[in-house]
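Enquirer: one predicted model, sequence on top.
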Amino acid sequence: MARQSGAWLRSPQAQPECVAPNRPTRTMTIHFSLRHKRFELARISRMNCIHASNSPGQPPKRPTVLPLEEVGTVVAERQTLQPKPPPMCQVLMLNDDFTPMEFVVAVLQEFFGKNIDMATQIMLAIHNEGRGVCGVYPREIAETKVALVMDAAAQAGHPLQCVCEPLSD
């Protein structure tokens, strides 16, 4: 039986030429979606023979793309996985009796992008409550900001302490 434009793929009674008589075959249907149109790629037969198209000297034949029949078919579609958001941490500055308030305000403006009023409010919270939240960032960014603040304080000769704590939900 000669293949004619994939006719044997549509007919369950017909079999390809290379199927040995009295041997069962298993078929598997592959589906894919392309810009909101669904196609049936091919019904692939798993047989105990070698296709003539796979013989040396001849290139393998490409499977025929058929329109998807809507009756009785199951289509598996790829679902994209949403990545988890990174763990968030809050950057805290701790109060000490030796770091000038002006230096704390300058650090808040330079490294955390606060305006003068917001930086002053955070500085007063650090002074009155013993610690103040400078910002909430992903863990890597928070650790980088802590390191920058600690380096700036060490270069200026101030004992300012800055820590990174995981954000409690």
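Expert: Right, received. Where do you want to start?

Enquirer: what's around V107, how many residues?
Expert: Per other CB atoms under 10 Å, the neighbour tally for V107 reads 24. To be clear about C-beta, it is placed using only N, CA and C from the backbone, and glycine gets the same treatment.

Enquirer: the helices in this protein, which residues?
Expert: In the chain, the helices defined using DSSP state H lie at 7-10, 101-112, 116-129, 139-156.

Enquirer: might you list the low-confidence residue ranges for this protein?
Expert: 1-60, 63-75, 169 (pLDDT under 70).

Enquirer: before we move on, back to that, tell me which of the helices of the chain lies nearest to V91.
Expert: Set against V91 and scored by CB to CB, these come closest in helix 139-156, at 5.1 Å.

Enquirer: skipping its backbone neighbours, what lies nearest M101 in space?
Expert: Leaving aside its sequence neighbours, M101 sits nearest to M123 (CB to CB, 6 or more residues apart in numbering; 5.6 Å).

Enquirer: count the residues that sit near the one you found.
Expert: 24.

Enquirer: so who does it touch?
Expert: M101, V104, V105, L108, G132 (CB atoms under 8 Å, 6 or more residues apart in numbering).

Enquirer: what residues are bridge-paired with the last one?
Expert: G132 has these beta-bridge partners by DSSP bridges: M93.

Enquirer: isn't it up against A119?
Expert: No. Applying CB atoms under 8 Å, one finds G132 not in contact with A119, separated by 10.3 Å.

Enquirer: thinking again about what came up before, do you know which of the helices of the chain lies nearest P87?
Expert: Proximity to P87 (CB to CB) singles out helix 139-156 among the helices of the chain, at 5.1 Å.

Enquirer: CA atoms of that closest one as CSV?
Expert: Only the C-alpha atoms of helix 139-156 are listed here, as CSV (Å, rounded to 0.1, in the frame of the first residue of the first chain):
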residue,chain,number,x,y,z
ARG,A,139,17.8,39.7,50.0
GLU,A,140,20.8,40.3,47.7
ILE,A,141,20.1,44.0,47.3
ALA,A,142,19.5,44.4,51.0
GLU,A,143,22.9,42.7,51.8
THR,A,144,24.6,45.0,49.3
LYS,A,145,23.1,48.1,50.8
VAL,A,146,24.1,47.0,54.3
ALA,A,147,27.7,46.5,53.1
LEU,A,148,27.8,49.9,51.5
VAL,A,149,26.5,51.7,54.6
MET,A,150,29.0,49.8,56.8
ASP,A,151,31.9,50.7,54.5
ALA,A,152,30.8,54.4,54.4
ALA,A,153,30.6,54.5,58.2
ALA,A,154,34.0,52.8,58.6
GLN,A,155,35.6,55.3,56.2
ALA,A,156,34.0,58.2,58.1
